Each structure stands twice: as C-alpha cells, then as structure tokens.
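Asks: please work out how this folds:
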Amino acid sequence: MGTDTIFMDDNARPHRARLVRSYLESQTIPRMAWPARLPNLNPIEHVWDVLERRIAGHSAPPGTLHELQQALLQEWALLSQQAINDSIASMPRRCQACISARLYHTHYLECDSHCTFCLPISAVVPRRS
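Replies: Numbering: from 1, shown residues only. Predicted coordinates for the structure are as follows:
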C-alpha cells in the first residue's frame with residue numbers, strides 16, 4: 001500500500017474488531033473519520049446491489065462459496081459498462097438529494113445530516129502529523 005493509504009469503513013463490527021484495529025495501527029494506516037449509519041453513496045455499492053439482485057433472481061441460489069464466486073463472476077461479466085457509468089453519473093443527483101433531505105427520507109436512502117461523499121476529502125480525513 002502507498003503512503004497515502006487511508007482505511008475507510010462503515011463502522012460495522014468486523015471493521016472495528018480489535019484484530020483489524022491492531023493491524024491498521026501496526027501498519028500505520030490511518031482511519032478515515034466516518035460517522036456510523038452514514039448513507040453509503042459509493043457508486044460501487046449500487047453496482048454490488050445490482051449483482052446481488054441478479055444472483056437472488058437465479059432459479060437455484062448458490063449453495064457453496066465456490067458457486068457464489070462463479071455466479072458473481074458470471075454476472076459481473078454480463079454487467080454492461082453503461083450500467084456502471086449510469087451508477088457513477090447518478091452521484092450528483094444522489095448527493096443533492098442527501099444534502100437537501102438533511103435528516104429526511106429520500107428516494108435513494110435514509111440520509112444523515114451530512115454527506116461526506118460530497119465534501120472535499122480534507123473535510124473528512126484527519127491530517128497526518
């Protein structure tokens with residue numbers, strides 16, 4: 001990893017486990033300040049959602065880890081570049097909906113009072129000493 005590496009997670013328990021925390025500290029990888037329950041506006045999350053829905057729609061869901069891996073690879077190969085581009089292109093609209101909503105429900109998600117995806121990186125990443 002490069003010297004500019006920053007670990008960003010969603011505050012899920014596995015990401016906050018002592019083992020993960022110890023590893024990040026031992027590798028001097030800083031954590032991005034990230035509020036719990038922050039709306040996830042990362043475009044890849046929407047692509048993962050498409051893949052998840054496609055796999056859930058299979059007549060026989062994957063029964064093993066290997067089958068899941070194969071199904072993901074197959075669906076990923078079938079995913080058009082346009083679908084990925086559309087997810088990326090939707091970001092300004094999603095961010096604006098989040099900013100406008102503050103604490104209210106939007107068509108896209110439940111928003112918190114802020115949207116770090118729309119902020120400059122310096123506003124959410126602590127400066128290195």
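Asks: which regions of this protein sit below the pLDDT cut-off?
Replies: Applying pLDDT under 70 to the chain picks out residues 1-2, 10-11, 15, 34-40, 101-129.
Asks: quick one, domains of it?
Replies: In the domain annotation for the chain, the residue ranges read 1-37, 38-109 (the TED database).
Asks: what's the most buried one of those?
Replies: Most buried of the domains of the chain by mean neighbour count (mean count of other CB atoms under 10 Å) is domain 38-109; its value is a mean of 13. C-beta: built from backbone N, CA, C; applies to glycine.
Asks: could you say which helix or strand holds D9?
Replies: Following DSSP states H and E, there is no helix or strand that holds D9.
Asks: quick one: R54 and A77 touch, right?
Replies: No. R54 is beyond contact range of A77, at 11.5 Å (criterion: CB atoms under 8 Å).
Asks: dump the residue contacts of R93.
Replies: By CB atoms under 8 Å, 6 or more residues apart in numbering, no residues touch R93.
Asks: ranges for the helices of this structure?
Replies: Taking DSSP state H, the helices of the chain run over residues 18-26, 43-56, 65-78, 81-89, 91-101, 121-124.
Asks: same list, those helices, but as CSV with distance to I6 please.
Replies: Shown next, in CSV, are these (distance: least, CB to CB, whole Å):
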stretch, distance to I6
helix 18-26, 10
helix 43-56, 17
helix 65-78, 26
helix 81-89, 21
helix 91-101, 20
helix 121-124, 9
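Asks: the ones you listed: which one's closest to F7?
Replies: helix 18-26 (5.6 Å; CB to CB).
Asks: on contacts alone, who are the packing partners of the closest one?
Replies: Using 3 or more CB pairs under 8 Å, 6 or more residues apart in numbering; DSSP states H and E, no helix or strand is in contact with helix 18-26.
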